[in-house]
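>>> missing the sequence, but the structure's below:
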């Protein structure tokens with residue numbers, strides 16, 4: 001046992017929830033962002049402007065989402081170069097075999113393939129053959145074997161959430177908005193979670209509202225401590241910056257979370273806000289304005305996942321635009337400070353509690 005522990009330590013193979021559930025998941029979201037998400041935005045822009053060059057660029061970027069995710073995961077696991085490069089093939093296979101649930105298949109399979117590759121890396125004199133062979137054989141074999149059922153399971157769960165939101169838009173609007181919003185602020189990836197579940201439609205709209213409530217909410221209520229730099233870094237960056245402060249005083253989280261519980265059902269019940277762009281957008285909030293951009297691209301050019309669930313391209317009406325702006329920007333900027341004002345009067349939140357380092 002001691003020899004095995006020493007071997008794993010030497011190979012930097014660490015079996016932990018943090019490494020796989022936070023580091024790898026977060027890296028996967030970044031890989032997805034740099035391929036599928038940005039590609040979708042560029043492609044949609046090209047289609048709407050009639051610029052074929054942009055459409056082609058976006059299509060190419062979208063096509064390599066599987067390899068991008070797998071390589072990002074391998075990088076987060078500190079894989080050796082030969083393993084890292086080999087993961088491109090693994091990611092392509094896992095994403096293709098996983099279908100709509102491809103991101104979840106890529107996450108699980110890339111982790112296993114990377115760790116197997118790391119285990120044999122530099123252990124033989126023919127490392128240039130052994131390491132990529134083991135990484136690719138393990139990864140692609142698993143992709144053929146388990147990616148389809150993983151994809152089907154993830155897709156079914158996403159459909160269940162979507163159907164439940166349609167049947168109970170008020171209560172599910174609250175649940176989805178609050179949970180995805182909380183995930184966005186926690187050191188895990190809400191974007192990856194939404195992508196794994198293929199969260200689109202009405203549920204995706206609730207998720208966008210919840211994430212925006214967290215980011216805009218924290219940006220506004222902490223303005224007196226962090227001024228314009230904090231407003232931009234949290235409002236267009238991430239509310240995760242507040243995690244150290246939340247650990248010190250969890251009550252600062254009340255205002256953004258309650259704001260998301262209000263904006264979620266408003267999005268689903270009042271405006272029927274749907275996010276039919278790339279599912280990753282559902283968990284992005286106002287980070288680079290990707291949440292609202294996802295809603296807009298979904299109006300103009302729904303993704304395959306959204307179309308499979310009944311979405312169709314629309315010409316947005318005035319109320320669609322009003323709902324988007326209210327749910328994503330205006331209401332969080334009003335509700336969170338009002339709720340936080342009550343928290344301050346109760347002595348739960350004090351000056352300096354949300355100061356960013």
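It's in. All of these numbers come straight from a predicted model, not from anything done at the bench.
>>> now the end-to-end length of stretch 193-205.
Length of stretch 193-205, first residue to last, C-alpha to C-alpha, to the nearest Å: 15 Å.
>>> now residue 275, what are its backbone angles?
Here is the backbone geometry of residue 275 (degrees, to the nearest 10): phi -110, psi 100.
>>> can you pull out the helices in the stretch 1-150 of the chain?
Counting by DSSP state H, counting those that start in this stretch, the segments of the stretch 1-150 of the chain that form helices are 2-10, 17-18, 24-32, 38-49, 52-63, 65-76, 81-98, 102-120, 127-167.
>>> by mean pLDDT, show me the worst of the ones you listed.
Among the helices of the stretch 1-150 of the chain, helix 38-49 has the lowest mean pLDDT, at a mean of 81.
>>> nearest residue to residue 102 in space, please, no chain neighbours.
residue 95 (3.9 Å; C-beta to C-beta, 6 or more residues apart in numbering). To be clear about C-beta, it is placed using only N, CA and C from the backbone, and glycine gets the same treatment.
>>> what about that neighbour, how many residues close to it?
29 (other C-beta atoms under 10 Å).
>>> repeat for residue 232
Residue 232: 12 neighbours (other C-beta under 10 Å).
>>> show me where the stretch 151-300 of the chain has helices.
Under DSSP H, counting those that start in this stretch, the stretch 151-300 of the chain gives helices at 169-185, 190-197, 201-221, 223-232, 243-248, 254-265, 290-300.
>>> average pLDDT across the second one?
In other words, helix 190-197. For helix 190-197, the mean per-residue pLDDT is 84.
>>> got the confidence number for the residue of the chain positioned farthest from its centre?
Ranking residues of the chain by C-alpha distance from their mean position (C-alpha atoms, centre = their mean) puts residue 125 at the top, at 40.6 Å. On pLDDT, residue 125 comes in at 90.
>>> adding distance to residue 144, write the helices of the stretch 151-300 of the chain out as CSV.
Shown next, in CSV, are those (distance: least, C-beta to C-beta, whole Å):
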stretch, distance to residue 144
helix 169-185, 31
helix 190-197, 20
helix 201-221, 30
helix 223-232, 46
helix 243-248, 39
helix 254-265, 39
helix 290-300, 32
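>>> looking at those, which one has the lowest mean pLDDT?
helix 190-197 (a mean of 84).
>>> report the angle between that one and helix 169-185.
130 degrees (axes from the mean of the first three to the mean of the last three C-alpha atoms, to 10 degrees).
>>> measure residue 349 to residue 342 for me?
9 Å (C-beta to C-beta, to the nearest Å).
>>> neighbour count for those two, which is higher?
Ranked by neighbour count (other C-beta under 10 Å), residue 349 and residue 342 place residue 349 first, with 21 against 13.
>>> and the nearest residue to residue 140 once chain neighbours are set aside, how far is that from residue 33?
Spatial nearest neighbour of residue 140, chain neighbours left out: residue 93 (4.5 Å); criterion: C-beta to C-beta, 6+ apart. With distances taken as C-beta to C-beta, residue 93 is found 21 Å from residue 33.
>>> next one: residue 254
29 Å.
>>> swap in residue 76?
Separation of residue 76 from residue 33 (C-beta to C-beta) stands at 14 Å.
>>> neighbour-wise, which of those two wins?
residue 33 (26 against 22).
>>> isn't that one up against residue 194?
No: between residue 33 and residue 194 there is no contact under C-beta atoms under 8 Å: 11.9 Å.
>>> could you list the residues in contact with stretch 290-306?
33, 37, 40-41, 43-44, 47-48, 100, 158, 198, 200-201, 204-205, 208, 211-212, 273-282, 284-286, 311-316, 320, 324, 328 (C-beta atoms under 8 Å, 6 or more residues apart in numbering).
>>> actually, stretch 328-347.
Applying C-beta under 8 Å, 6+ apart, the contact partners of stretch 328-347 are 208-209, 212-213, 215-218, 220-221, 251-252, 254-256, 258-260, 262-263, 266, 286, 291-292, 295, 349-350.
>>> quick one: it to chain centroid distance?
26 Å (C-alpha atoms, centre = their mean, to the nearest Å).
>>> could you do stretch 282-302 as well?
The chain centroid and the centroid of stretch 282-302 are separated by 12 Å under C-alpha atoms, centre = their mean.
>>> can you give me the end-to-end span of stretch 74-89?
For stretch 74-89, the first and last residues are 12 Å from each other (C-alpha to C-alpha).
>>> oops, could you answer that again for stretch 271-290 instead?
Its start and end residues considered, stretch 271-290 measures 19 Å (C-alpha to C-alpha).
>>> now it: buried residues?
271, 273-287, 289-290 (16 or more other C-beta atoms under 10 Å).
>>> could you do stretch 4-17 as well?
Buried positions in stretch 4-17, judged by neighbour count with 16+ other C-beta under 10 Å: 11, 13.
>>> and the end-to-end length of it?
20 Å.
>>> so what's the gap between that stretch and the chain middle?
Computed by C-alpha atoms, centre = their mean, the chain-centroid distance of stretch 4-17 equals 28 Å.
>>> any chance you could list what contacts it?
77, 78, 115, 118, 119, 121.
>>> determine which two of those residues are furthest apart.
Across the contacts of stretch 4-17, the longest distance by C-beta to C-beta is 13.1 Å; it joins 78 and 119.
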